[in-house]
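Novice: Sharing a sequence plus its predicted fold:
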Amino acid sequence: MPVILAVIAAISGVLFFALRARNAANAATELLDMANDVRLAARRFGFRRQTNLHPAESIEDANIAIAGIASAFLELDDLPTSEQREALAWQMSKTLNLSKDDADELCILGRWMVNECGGADPAIARLSRKLFRMEGAASFTPLLTVVSGTLGQATGGQTTGGSLNSKQIEALEDVKRAFKIR
């Protein structure tokens, strides 16, 4: 009887470690796929990272900056849900006249840009200044449309004026300062 229990325990141990190793391999594959998605999105929109220059300063397409600011704005509330990410992609597609695939890739690239800036607060400040330098005040309206439309869809179509938290209100003030709006 003790021999049978020892064999069962050994088989259980081997199965446990085999399953753990397989799960680790799957996680590594998913990480590589995410990195590849960012790389492909950057290539599609012509983003080229330059040495000794912050990635936000390398942006040449205003849509990338808008995607980054909108992604950062969503993160100020909490980590975005899948519904919020879908709402962001749909709103970008509608407002910026993009295909759904382009909007999805811009969301991926915008999220990466937020990470490169070191978080949502620095991303909003840096990307807002860059967007103003590239497009001027004309890009404020599409940016605000994307952000407010995303928050409106994510909250079930309700108006977002009362649902902004204090961090989002401060971020909106940062955007206004970057666009020199009083």
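Specialist: Received it, and whenever you're ready, just let me know what you need. Numbers count the residues shown, from 1 in each chain.

Novice: make it CA atoms for all contacts and neighbour counts henceforth
Specialist: OK.

Novice: Give me the number of neighbouring residues for V14.
Specialist: Counted with other C-alpha atoms under 10 Å, the neighbours of V14 add up to 12.

Novice: Residue ranges in the protein under the pLDDT threshold?
Specialist: Scanning the chain for pLDDT under 70 picks out 31-32, 42-51, 153-162.

Novice: residue ranges for the helices of this structure, please.
Specialist: 2-44, 62-75, 82-95, 100-117, 120-135, 140-154, 166-178 (DSSP state H).

Novice: nearest to L53, of these?
Specialist: Shortest distance between L53 and those, using C-alpha to C-alpha, is found for helix 100-117: 11.7 Å.

Novice: Show me which parts of the closest one are buried, residue by residue.
Specialist: Of all the residues in helix 100-117, those buried under the rule 16 or more other C-alpha atoms under 10 Å are 102-114, 117.

Novice: which outside residues touch that helix?
Specialist: With contacts defined as C-alpha atoms under 8 Å, 6 or more residues apart in numbering, helix 100-117 is touched by 37-38, 41-42, 55-56, 63-72, 85, 88-90, 92-93, 120, 123, 126.

Novice: what angle sits between it and helix 82-95?
Specialist: Interaxial angle, helix 100-117 versus helix 82-95 (axes from the mean of the first three to the mean of the last three C-alpha atoms, to 10 degrees): 120 degrees.

Novice: for the helices of the chain, which one ends up most surrounded?
Specialist: Highest mean neighbour count among these (mean count of other C-alpha atoms under 10 Å): helix 62-75, with a mean of 26.

Novice: Check which helices and strands that helix is in contact with.
Specialist: Judged by 3 or more C-alpha pairs under 8 Å, 6 or more residues apart in numbering; DSSP states H and E, helix 62-75 is in contact with helix 82-95, helix 100-117, helix 120-135, helix 140-154.

Novice: what's the closest of the ones you listed to A28?
Specialist: It is, among the helices and strands packed on helix 62-75 and with distance given as C-alpha to C-alpha, helix 100-117, at 18.3 Å.

Novice: Specify the angle between that closest one and helix 62-75 in degrees.
Specialist: Using the same axes, to 10 degrees: helix 100-117 against helix 62-75 is 70 degrees.

Novice: what's the offset of helix 100-117 from the middle of its chain?
Specialist: The chain centroid and the centroid of helix 100-117 are separated by 5 Å under C-alpha atoms, centre = their mean, to the nearest Å.

Novice: So for the chain, the centremost residue is which one?
Specialist: Centrality entry for the chain: nearest residue to the mean C-alpha point is R111, 2.4 Å, by C-alpha atoms, centre = their mean.

Novice: R126: what's it in contact with?
Specialist: Neighbours of R126 in contact, by C-alpha under 8 Å, 6+ apart: 56, 117.

Novice: of the buried residues of helix 100-117, closest to L172?
Specialist: V114 (16.1 Å).

Novice: show me what contacts the residue of the chain positioned farthest from its centre?
Specialist: Distance to the chain centre peaks in the chain at M1, reaching 57.3 Å (criterion: C-alpha atoms, centre = their mean). Taking C-alpha under 8 Å, 6+ apart as the definition of contact, M1 has no neighbours.

Novice: Fine by me, we can end here.
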